[in-house]
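S.K.: okay, predicted coordinates and the sequence, questions at the end:
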Amino acid sequence: MFIKKSAEVEKVPNRAATGVTSQVLISSEEGPHFAMRQFTIQPGGGMPNHTNKVEHEQYVVRGSARIGIDGQVYQVEAGDVVFIPAGAPHWYDNTGEEPFVFLCLVPNLPDKIEILGGFPE
């Protein structure tokens, strides 16, 4: 058992993205079943289309953005919950005027990220 201040967790730039940082709030070593991460995408920033071998459970904390999931485009905002199945291509595009912040939980299983390209429509 532990309690952390999220503001004290290191923010790491995402090398494959533009204007994106992530924080590992609960690592796979700390949580027995899931890791919890927080992503912040600055206005105009985004993550390219990619796949993961593991599913994603996400909660939008702040802001709004377009998200592409398996060929469908969604507009999401604070308070929305997003589920991305394992293997589904997905991307993020912050078209808003404030940072887009979301929590992302993933199972503690082997993962492989494959970058597929930009932001398809």
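M.R.: All right, it came through fine.

S.K.: and the pLDDT at Glu121?
M.R.: At Glu121, the model reports a pLDDT of 57.

S.K.: typo on my end, it should be Phe2
M.R.: 89.

S.K.: if I pick it, what's in contact with it?
M.R.: Glu30 (C-beta atoms under 8 Å, 6 or more residues apart in numbering). For glycine as for every other residue, the C-beta is placed from the backbone atoms N, C-alpha and C.

S.K.: and what about it, helix, strand or coil?
M.R.: coil (DSSP: H, G, I helix; E, B strand; the rest coil).

S.K.: ok now the strand ranked longest in the chain, how far from the chain's centre?
M.R.: Using DSSP state E to define each element, the chain has its longest strand at strand 34-51. Put simply, strand 34-51 sits 4 Å off its chain's centre (C-alpha atoms, centre = their mean, to the nearest Å).

S.K.: Provide the strand pairings for it, with the direction of each partner.
M.R.: Using DSSP bridges, the strands paired with strand 34-51 are strand 18-26 (antiparallel), strand 90-93 (antiparallel), strand 100-107 (antiparallel), strand 114-117 (antiparallel).

S.K.: and the first one, what's buried?
M.R.: In this case it means strand 18-26. Judged by neighbour count (16 or more other C-beta atoms under 10 Å), strand 18-26 contains these buried residues: Gly19, Val20, Thr21, Ser22, Gln23, Leu25.

S.K.: wait, the last one touches Phe39, no?
M.R.: No. Distance between Leu25 and Phe39: 10.7 Å, which falls outside the contact criterion (C-beta atoms under 8 Å).

S.K.: excluding its backbone neighbours, what's nearest Tyr92?
M.R.: Of all residues not flanking Tyr92 in the chain, Met47 sits nearest, at 4.5 Å (C-beta to C-beta, 6 or more residues apart in numbering).

S.K.: how far off centre is stretch 1-10?
M.R.: 18 Å.
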